[in-house]
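Asks: predicted model follows, preceded by the sequence.
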Amino acid sequence: MESVDLCPCGTGITYAECCQQVHRFHAKANTAEALMRARYSAFVKKEIDFLYHTFHPSTRRFQNKQAIGQWAVENKWMQLHILKSTLHTVEFEAHYLDAQMQVQVHHEKSTFKKQGDLWYYVEGTVKY
Ligand SMILES: [Zn+2]
């Protein structure tokens, strides 16, 4: 069973059946939470273009693909916990090891917006 590639987002199903579908077809994320999970998995799978393109168009120009890539690569993403999700928001904790191999928890409440058929990440408030 070692070879089963479970989805990093923690649903317990395989990556191929879960977030990879969204990485290939953005429209497969039919809720804010599904997009949030796929964005977390994209950090694990280094799907930097997906991360970039799922920023809401109104905020995308402020994003830097290189910085996103660096954040994805320099941390080792371990686990995602969804604390609360509503229609437009998801509060979560992402556990990771930083470049110094220290365990860190990124606790964020993210806001999402639907435009046409697609959900986008608008912004997040980091909680401490
Ligand atoms: Zn997933």
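Replies: Yes, it's here.
Asks: next, see if stretch 68-85 gets close to the ion.
Replies: No: legend: contact between stretch 68-85 and the ion by C-beta under 5 Å from the ion is lacking; minimum distance shown is 8.7 Å. C-beta here means a position set from N, CA and C on the backbone, and glycine is covered the same way.
Asks: what sits up against that stretch?
Replies: Around stretch 68-85, the neighbours that count as contacts under C-beta atoms under 8 Å, 6 or more residues apart in numbering are 8-10, 31-33, 36-37, 40, 42-44, 46, 48, 51-52, 90-99, 101, 103-104.
Asks: tell me the buried residues in the helix or strand of the chain with the lowest mean pLDDT?
Replies: Ranked by mean pLDDT, DSSP states H and E, the helix or strand of the chain with the weakest confidence is helix 57-60, at a mean of 91. Buried residues in helix 57-60, counted by 16 or more other C-beta atoms under 10 Å: none are found.
Asks: just how off-centre is that helix within its chain?
Replies: 16 Å (C-alpha atoms, centre = their mean, to the nearest Å).
Asks: need the next SSE after that helix, C-terminal direction.
Replies: Using DSSP states H and E, the helix or strand that follows helix 57-60 towards the C-terminus is helix 65-74.
Asks: separation between Gln63 and Ala94?
Replies: 18 Å (C-beta to C-beta, to the nearest Å).
Asks: higher neighbour count, the two?
Replies: For Gln63 versus Ala94, the count of surrounding residues by other C-beta atoms under 10 Å is larger for Ala94: 19 against 14.
Asks: and the more buried one, what element?
Replies: With DSSP H and E as the criterion, Ala94 is inside strand 89-97.
Asks: pairing partners for that strand, with directions?
Replies: strand 76-85 (antiparallel), strand 103-115 (antiparallel) (DSSP bridges).
Asks: extract the residue ranges of this structure that are flagged as low pLDDT.
Replies: Within the chain, the segments meeting pLDDT under 70 span 1-3.
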